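Novice: this one's sequence-less:
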């Protein structure tokens, strides 16, 4: 993978002080490189955020912030998080971002400091002076958890950013300038299009406080974000320009609302605030968000950052990061891997985000305002991705937050007009992205692991409601036929497989809730994967409503074959709840091993890759596509064959080639932390192949040693004896000194605390772990 | 006036039972004809409302509900309240209206019942079957306070409407129909234009409950209204059509959201709900509004109309009307005048409207949600109109509500980014219509009359803040020069006169608040009218910044002469707080009498009228324009001359010719009740020439007898002895048996209770009332 050739990123002044010592009282943020994934398709952002904070304040380098024809710029996809490392132009700093997603939205409230004659057009990237943007150099750029700085070369302004959960803190050090400006650009959006802004509203409350809101129609159809903005210095004048055809009556008054008129409204507004600055004068901005109201934003601002001490906020936020990162004390073989590991940890704590005001008020899915009772409300649920490893990781490292996330999902259900749990939801909207109903998996996993206190009957009812909405994505067909027909969905096989697995999860919840009828019903539904298995071709394959197999079937093709982000070869192996039976359908264990081998070795033609916009050749091993999620369990499936050693080999291969601490150190979208969570589990030596159960499947640890500090005050330590880049094979495993013969440990094993000791070697122990 | 020739309106089945008996335990709503003002430019509406209710549910007959070029249809002005009596097509029934305004907005949530094949285009008026509209006949139409019914001929549907304060109640009696529909048209707006809708959001909560909201950018720039709608019968299916370019992602799902998909959103939506109906089957709809949220609308619905008994709500609302109408028991000389009087009473209780949920939550001017503490929040303040007579009338008949309105204005001030009291405000927005800052007048009037308990210092501060905003409508010029310069405003003379008078009102408040400094300062400001009086031309006249008088001055012209809705001849007499001095500036009392005489007798050329879109020749007497407000005090100005008898003559003339009980019984816009309030005061024999003082100026009563039932349980009775159409002149006046020699009574005289007895005759008593 090309990324291994990339020089070690000098992302921090503290770089030289790095060590691999992992005492959790020490500074772990030094091992985090927020630039990882900012090059190519990682879709991460380098800006400043608190753990799980709503404000994620980060530079925008998108070239075409406004696309005149109303359609997406072809390059837009690269800017899901607003930043690409290859760029050399910054358009400003906005407050909301997704981390690693494969579609986008947000980018709210772009702030840009400038000097000289006021320029309100953003300009074209790379064309100096064409707008208010500035060129910058990575030499003058630095990113740490909770801190970002860059020099804006066009203006000689030193920009620094930090953030609490709900408040962004900007610190701009200006040169001497008669004309200095802070631009508040409400036009700029991530995934902008001409009609994305629905409405904007700005009030200049006094000479240093501004409030307002923006309503957008993007991936979220009906989304409103409120803000309150305070300057450390009074502006001398201000104004705005409208970029829409909305005229202001100001009836008979002929107000010149363009300058020093304190209320502005319209679709597309850029406001500016003017100052004169001394050399090295700092203008600071505290910028609070709320999904509720401007009053809510003002409350958040006052509660979280009542002072003007930028460094204090930076230190507090970095202390929060150290606290969260210390949940796992890992010692990796190399400094690069140390950075890769903690950057992965960092990337698992950017989404979901806290989505309520400091007083617990939040905007529900029905756009009404609710008070969170007994939980903290979260948003940004990329569930088709994150149910796999991110939420299971939370059950180890963030069980309280995960419990809150589950309660947020149940609140979503209660507010849903469909009475559905979230599919892919953000900011009080369901965006319906991807397939399945994987909230049920997150619930089942937490219930299986004892990390949630939700009422089981309520949880079950929400799952049942979700799993029976006939107009949802082929579900009517699934309920009638036992599979999603080719006619009912373009992704009928993927749908069927995901539903069957999700139904297994619901069955587990029903079992825990003591509802035998529901348990049996959903257990039956969980067998529906059988209905799309074609014994003749030996593949899962699209089926017509009349029961016939669809013709023109190509198991390698990822397009038009009933799968999404996958093909029959890889996605067809998605029966995590009944792997043994799936294998038996396809033949015997060795034949299945052969199938797995071929996945990792068959070079597929470019035409099958090109259709996959977020994966490059670098993210693919044969026909295994690590940049997409449906195969994330595949390397672990050898554990169900006679060759568990191949799991060890593949897992280490993937960690070595698909992850690094480089800018392009992610081989595909990080997907709200799922890719990173895969790495963390795999580096620890085990992986949750079946979320909804308490089992983990053993891989091959990359850590030399790692301690998971659990919420119950126990510590679970993984030790890898004789660990090195060649020693990828397990020779022996001991759990608390007892030999472990099978490649499975349970969540309860971990929660008790103790030590899992791997004895590694350069040659496989081909007999270890085989389950009769 | 043409209206006198119009046949007596048969607006109600109870018409035959009418009598002029005015015992207030009896049915007074029988004397109200809601059709008065619906023909030509009265801009009233005939639909159903509770007194001061937010829901004003009324038919829309506008021909062009959606104007494709984005500009106002030239005919739009006639449809400020949605209805014109000359029309024969109904497009549906919407829930919010202004009453009598000269500009418009609202028309929210149009409901139309239809049968047969679904038709979602409204169609063109008069073109049968061209859309979902229906023809109707006035023969089948009836309107009472709180009740409206009409037969929709195209569908043979009997439509009935009633309303509580926050809930509209529809009752549609259908024929037998396999296909019956209720259309919920969110596209329709009053004063529609292509971009008026900002966003709409609809949720089908279950098979008989729908919620949602609409956000518009019209006269109110940022306006959102929420609704909750309940059907008495479950619909069998539903759907919607979008009339915008907003596409719905429903990502990957390819939802067919057009039918039976329970969440809809976009700019322009028409939804429909399908039924099958038996002959004479009633489908009822309860439709609640809220400015806060759909939850608020649901709360309002449950609290105000928890049942399905249409007649009960009608009866309750009509009882409320009888209660309010009974505040004045009037016996008029003729049945026609009886109806004119009580219809005027009715029209004074449609605006302002209650603007808070049943729990006191309301949307403030800053778009935040507030809880009203110690008052009921009101909106729709057409203050340039209503400070003159409507709010003074409230101080007699609705002091508690007026006190709440004042507190609503103070809340507006507190929420205003300008820190200004309302100018012309509605639905959490300032629309800035017309001139001056007449909230201060409403405050001063209530303070002078002892009807408000607001803190005087708070009130004064709000007035001072309002009166010192430099960017407001020439105020900077006014503050610097002592007059609004011709350069600073197109209505510079009107502005100066209104500001000077308003400043006098602020001075009165300062005096009451014990702030001598402010008192003196504002008293000084109140003399600024002198600065626009040109002794050479003997007119108030536009003045340049350099102090010169503007040239090209025509005192008859209403356009481009520094006045708004008036000219130098009539608007130039607007110095209500210093009439004697104004007269002395213009000459002696007899010369001033001559000026007044010429106002009423000089026929002005058509060219001066045509510029006045809301006034017809019928609304004009010479150069006196009763359809506009700046002259409303003019007929009373003879009381400051040696000819008070001419006030009596003119007042009776205006009542006779400018008001009737006909459809076109208003000579101009009713202006939220101001025109009607002028009539009520004048009919009672006195008028508040100087709001902000406790004085009323005596005119000539039209009542035979009238009792004002005051909140302090006193009754003040006006008796007109020998009253008849020829006996328009006062011979003698007694207050509680004491002879009254001067044409003034005070509010305190009234509040004590008692009797004001007029002795009328056919010839003037030319000496009565002259103030030496």
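Specialist: Good, I have the coordinates. None of the values given here were measured: they were computed from a predicted structure. Numbering: from 1, shown residues only, chains lettered A, B, ... in the order given.
Novice: ok, residue A:360 - contacts?
Specialist: A:371-373, A:376-377 (C-beta atoms under 8 Å, 6 or more residues apart in numbering or on different chains). Quick note: C-beta positions are derived from backbone N, CA and C, even for glycine.
Novice: for PyMOL, what selects the buried ones among those?
Specialist: A single PyMOL command is used to select the members of the contacts of residue A:360 judged buried by 16 or more other C-beta atoms under 10 Å in any protein chain shown:
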select buried, chain A and resi 372+376+377
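Novice: can you redo the contacts of residue A:360 as TSV with distance to chain B, pLDDT and secondary structure?
Specialist: Shown next, in TSV, are the contacts of residue A:360 (distance: C-beta to the nearest C-beta, whole Å; pLDDT from 0 to 100; DSSP: H, G, I helix; E, B strand; the rest coil):
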residue	distance to chain B	pLDDT	secondary structure
A:371	12	98	strand
A:372	16	98	coil
A:373	15	95	coil
A:376	22	98	coil
A:377	17	98	coil
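Novice: what's the most distant pair in the contacts of residue A:360?
Specialist: Put simply, by C-beta to C-beta the two of the contacts of residue A:360 set farthest apart are A:371 and A:376, 11.8 Å from each other.
Novice: max-length helix in chain A?
Specialist: For chain A, the helix that runs over the most residues, judged by DSSP state H, is helix A:492-513.
Novice: could I get the average pLDDT for it?
Specialist: Helix A:492-513 comes out with an average pLDDT of 98.
Novice: what do you get for stretch A:764-772?
Specialist: 92.
Novice: swap in stretch A:187-202?
Specialist: 91.
Novice: phi and psi next, for residue A:154.
Specialist: phi -70, psi -20 (degrees, to the nearest 10).
Novice: tell me, how many residues neighbour it?
Specialist: 20 (other C-beta atoms under 10 Å in any protein chain shown).
Novice: try the one 10 residues further on
Specialist: By the other C-beta under 10 Å criterion, the neighbourhood of residue A:164 contains 25 residues.
Novice: can you pull the contacts of the nearest residue to it once chain neighbours are set aside?
Specialist: Leaving out its chain neighbours, the residue that sits closest to residue A:164 by C-beta to C-beta, 6 or more residues apart in numbering or on different chains is residue A:304, at 4.2 Å. Contacts for residue A:304 (C-beta under 8 Å, 6+ apart) come out as A:164-167, A:288, A:358.
Novice: hang on, residue A:656 in a strand?
Specialist: No. Secondary structure of residue A:656 (DSSP: H, G, I helix; E, B strand; the rest coil): helix, not part of a strand.
Novice: tell me how far it lies from residue A:682.
Specialist: Counting by C-beta to C-beta, to the nearest Å, the gap from residue A:656 to residue A:682 is 11 Å.
Novice: now do residue A:482
Specialist: Distance from residue A:482 to residue A:682, by C-beta to C-beta: 35 Å.
Novice: give me the more crowded residue out of the two.
Specialist: Taking neighbours as other C-beta under 10 Å, residue A:482 and residue A:682 compare with residue A:682 leading, 26 against 18.
Novice: and that one, what element?
Specialist: Per DSSP states H and E, residue A:682 falls inside helix A:674-684.
Novice: and what of residue A:392?
Specialist: helix A:390-397.
Novice: phi, psi of the residue most central in space within chain A?
Specialist: The centre of chain A sits closest to residue A:672, judged by C-alpha atoms, centre = their mean, with a distance of 0.7 Å. With angles defined as degrees, to the nearest 10, residue A:672 sits at phi 60, psi 20.
Novice: between the contacts of residue A:360, which is nearest residue A:636?
Specialist: residue A:376 (32.8 Å).
Novice: excluding its backbone neighbours, what's nearest the closest one?
Specialist: residue A:404 (4.5 Å).
Novice: what about that neighbour, how many residues nearby?
Specialist: Neighbours of residue A:404 (other C-beta under 10 Å): 22.
Novice: try residue A:27
Specialist: Residue A:27, neighbours per other C-beta under 10 Å, totals 17.
Novice: over to residue A:748?
Specialist: 12.
Novice: quickly note the distance from it to chain B.
Specialist: 38 Å (C-beta to the nearest C-beta, to the nearest Å).
Novice: phi and psi next, for residue A:669.
Specialist: phi -60, psi 140.
Novice: residue A:769 too?
Specialist: Dihedral angles for residue A:769 - degrees, to the nearest 10 - are phi 90, psi 0.
Novice: tell me the contacts of it?
Specialist: Counted by C-beta under 8 Å, 6+ apart, residue A:769 has contacts A:639, A:644-645, A:698, A:730, A:741-743.
Novice: and of these, the nearest to chain B?
Specialist: Of all these, chain B sits closest to residue A:639, with 31.9 Å by C-beta to the nearest C-beta.
Novice: leaving out chain neighbours, which residue sits closest to that closest one?
Specialist: Closest to residue A:639 by C-beta to C-beta, 6+ apart is residue A:743, at 4.4 Å.
Novice: quick revisit: and the contacts of residue A:360 as a markdown table, adding distance to residue B:223?
Specialist: Listed next are those as a markdown table, based on distance: C-beta to C-beta, whole Å:
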| residue | distance to residue B:223 |
| --- | --- |
| A:371 | 26 |
| A:372 | 29 |
| A:373 | 32 |
| A:376 | 33 |
| A:377 | 28 |
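Novice: span of stretch A:298-309 from start to end?
Specialist: 18 Å (C-alpha to C-alpha, to the nearest Å).
Novice: check the offset of that stretch from the chain's centre.
Specialist: Here stretch A:298-309 is found 27 Å from its chain centre; the criterion is C-alpha atoms, centre = their mean, to the nearest Å.
Novice: which parts of it are buried?
Specialist: A:298-301, A:303-305.
Novice: hmm, residue A:640 is touching residue A:584, no?
Specialist: No. Assessed by C-beta atoms under 8 Å, residue A:640 is found out of contact with residue A:584, at 10.4 Å.
Novice: who's more crowded, the two?
Specialist: The residue with more neighbours, out of residue A:640 and residue A:584, is residue A:640; 22 against 12, by other C-beta under 10 Å.
Novice: contacting residues for the spatially closest residue to that one that is not a sequence neighbour?
Specialist: Nearest residue to residue A:640, sequence neighbours excluded (C-beta to C-beta, 6+ apart): residue A:579, at 4.7 Å. The contact partners of residue A:579, taken as C-beta under 8 Å, 6+ apart, are A:637, A:640, A:689.
Novice: and residue A:751, what does it touch?
Specialist: So residue A:751 contacts A:450, A:710, A:712, A:714, A:716 (C-beta under 8 Å, 6+ apart).
Novice: tell me the confidence at it?
Specialist: 98.
Novice: tell me both backbone torsions, phi and psi, for it.
Specialist: phi -60, psi -30.
Novice: low-confidence stretches in chain A?
Specialist: Low-confidence segments of chain A (pLDDT under 70): A:1-25, A:63-74, A:250-254, A:609-618, A:772.
Novice: mind running it again at 80?
Specialist: A:1-26, A:63-75, A:126, A:193-194, A:248-255, A:604-619, A:772 (pLDDT under 80).
Novice: residues near the closest residue to residue A:519 other than its chain neighbours, how many?
Specialist: Distances taken as C-beta to C-beta, 6+ apart put residue A:510 closest to residue A:519, at 4.0 Å, once the chain neighbours are dropped. Look at residue A:510: counted by other C-beta under 10 Å, it has 25 neighbours.
Novice: residue A:510: what's it in contact with?
Specialist: Shown in contact with residue A:510 (C-beta under 8 Å, 6+ apart): A:460, A:516-519, A:521-522.
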